[in-house]
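[1] model this:
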Amino acid sequence: MARSVLVTGASNGIGRGIVDRLALDGFFPVNLDIKPPRNDAPGAYLPVDLAAPDAAAAALDEAVRRYQPYGLVNNVGMVAPAALEDTTVEDLDQVFGLNLRTAVLCTQKLVPGMRAAGGGRIVTISSRAALGKELRSAYAASKAGLIGLTKSWALELAGDGITVNAIGPGPIATDLFNAANPPDSPRTRAIVDGVPVRRLGTPADIAHAAAFFMSEAASFVTGQVLYVCGGMTVGRAA
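    This is a model prediction of the structure:
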């Protein structure tokens with residue numbers, strides 16, 4: 001029987017790319033999302049508004065009961081772009097709630113089953129923006145918070161055979177990215193020009209990294225952040 005992996009926000013974008021790749025690798029993906037996936041998607045789909053804590057908790061309980069997940073990909077997120085002076089308390093609450101609180105809740109719900117099974121894999125989708133990005137106060141803070149959670153959980157769970165790692169995507173051509181960065185805008189052209197490999201990433205680029213962290217080959221890797229960014233973090237460091 002295929003091991004199941006729960007992926008939040010997997011109906012499109014990076015999440016959908018991860019679902020497709022996990023299925024190719026022999027896993028049974030379970031997608032928790034407010035909207036159903038477009039086209040035929042492998043695995044199972046559980047509809048839920050993950051921004052609503054009670055509904056999220058109920059859906060997670062159902063997922064654990066039905067599928068006993070071996071792995072978890074904390075992927076769901078939102079941006080709410082705004083300059084510092086225009087960032088509202090409501091923006092902070094919404095972004096932190098979906099991006100951070102959901103990851104905590106999902107991990108809390110799934111870890112007991114992983115412990116009982118003798119191991120598991122947790123992969124969290126952070127962002128290159130965690131290192132700093134204009135007009136992303138709430139988003140960058142939430143993604144930096146996910147890195148802190150990843151490192152803390154890696155230490156707590158290592159003795160249980162559970163690895164915890166994060167991926168920091170650079171600019172990826174998804175609906176979420178395109179909504180915040182219109183393809184024909186000068187800012188978007190500047191983003192592409194700032195990527196050393198001179199292209200935007202794709203969901204498949206992130207899915208390859210997630211597949212590695214989910215594999216048996218990654219059993220000695222935990223608490224790490226892999227930036228899949230076309231070299232942008234190297235440029236920033238320099």
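[2] What ranges does this protein have for its strands?
    4-8, 28-33, 44-47, 71-74, 120-125, 162-169, 225-228 (DSSP state E).
[3] Could you single out the most deeply buried of those strands?
    strand 71-74 (a mean of 28; mean count of other CB atoms under 10 Å). Any C-beta I mention is one placed from the backbone N, CA and C, and that applies to glycine too.
[4] Give the rounded mean pLDDT of that strand.
    The average of the pLDDT scores along strand 71-74 is 98.
[5] And stretch 87-104, by the same measure?
    Here the average pLDDT along stretch 87-104 is 98.
[6] quick one: buried residues of stretch 146-160?
    Across stretch 146-160, burial judged by 16 or more other CB atoms under 10 Å covers 146-147, 149-151, 153-154, 157.
[7] In JSON lines, list the residues you listed along with pLDDT and distance to A57.
    Converted to JSON lines, the buried residues of stretch 146-160 look like this (pLDDT from 0 to 100; distance: CB to CB, whole Å):
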{"residue": "L146", "pLDDT": "98", "distance to A57": "19"}
{"residue": "I147", "pLDDT": "98", "distance to A57": "24"}
{"residue": "L149", "pLDDT": "98", "distance to A57": "18"}
{"residue": "T150", "pLDDT": "98", "distance to A57": "22"}
{"residue": "K151", "pLDDT": "98", "distance to A57": "25"}
{"residue": "W153", "pLDDT": "98", "distance to A57": "19"}
{"residue": "A154", "pLDDT": "99", "distance to A57": "24"}
{"residue": "L157", "pLDDT": "98", "distance to A57": "20"}
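[8] Mind checking which of the residues you listed are in helices?
    146-147, 149-151, 153-154, 157 (DSSP state H).
[9] Among the residues you listed, pick out the one closest to A173, please.
    Set against A173, the nearest of these by CB to CB is L146 (21.6 Å).
[10] ok, the nearest residue to the closest one once chain neighbours are set aside - contacts?
    Leaving aside its sequence neighbours, L146 sits nearest to S126 (CB to CB, 6 or more residues apart in numbering; 4.6 Å). Counting by CB atoms under 8 Å, 6 or more residues apart in numbering, S126 touches 143-144, 146-147, 150, 166-169, 225.
[11] Quick one: the residues you listed as CSV, columns for distance to T102 too.
    Shown next, in CSV, are the contacts of S126 (distance: CB to CB, whole Å):
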residue, distance to T102
K143, 13
A144, 16
L146, 10
I147, 16
T150, 14
A166, 15
I167, 17
G168, 18
P169, 18
V225, 19
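[12] No further queries at this time; thank you.
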